[in-house]
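Chemist: how would this look folded up:
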Amino acid sequence: MRLWQLALAAVLTLAAQTALGAPQRYTWDGLGNGDAKCGIYRMHIEFTVDNGRATGMFQQKGRTMRNFDLPVGADGKFAGQVAVSGGTMSLNGVIGTSSELKLTGYCNFGGALTAA
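Modeler: Predicted coordinates for the structure are as follows:
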């Protein structure tokens with residue numbers, strides 16, 4: 001191979017590794033839906049995807065902050081349960097061309113994510 005071809009290959013490889021390895025941050029803010037007062041409950045969710053993990057927090061306004069750390073599959077999906085007082089919330093998300101997150105339990109929260 002010629003020197004310029006080696007240099008170009010090295011630059012492209014480094015660029016691909018940087019793009020794939022760079023932490024990705026996401027947020028979601030909004031109101032819940034479901035039974036009773038869900039429509040007035042405001043939730044804030046933020047997390048980072050890095051090294052195959054989705055690590056972050058969610059907090060309903062005026063309530064305790066809850067943390068999560070979930071594995072992200074090769075297809076960009078992640079899911080798990082997070083303990084809250086009196087039970088658990090299910091957290092499901094997907095990172096990709098249309099990134100979204102759903103947090104369900106006593107109310108339903110989530111939707112399209114905003115890249116931060």
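
Chemist: and the strands in this protein, which stretches?
Modeler: 24-31, 42-50, 53-60, 66-71, 77-84, 87-94, 100-104, 108-112, 114-115 (DSSP state E).

Chemist: how far away is Ser99 from Arg25?
Modeler: 11 Å (Cβ to Cβ, to the nearest Å). (C-beta placed from N, C-alpha, C; glycine too.)

Chemist: name the residues contacting each of the two.
Modeler: Listed as contacting both Ser99 and Arg25 by Cβ atoms under 8 Å, 6 or more residues apart in numbering are Ala115.

Chemist: and these two? Which one has more around it.
Modeler: Higher neighbour count among Ser99 and Arg25: Ser99, with 17 against 14, using other Cβ atoms under 10 Å.

Chemist: who are the contact partners of the more buried one?
Modeler: Per Cβ under 8 Å, 6+ apart, neighbours of Ser99: 26, 76, 93, 112-113, 115.

Chemist: now the spatially most central residue of the chain: closest residue in space that isn't a chain neighbour?
Modeler: Closest to where the C-alpha atoms of the chain average out (Cα atoms, centre = their mean) is Phe47, at 5.1 Å. Spatially, and ignoring its direct neighbours in sequence, Phe47 is nearest to Gly56 (2.4 Å; Cβ to Cβ, 6 or more residues apart in numbering).
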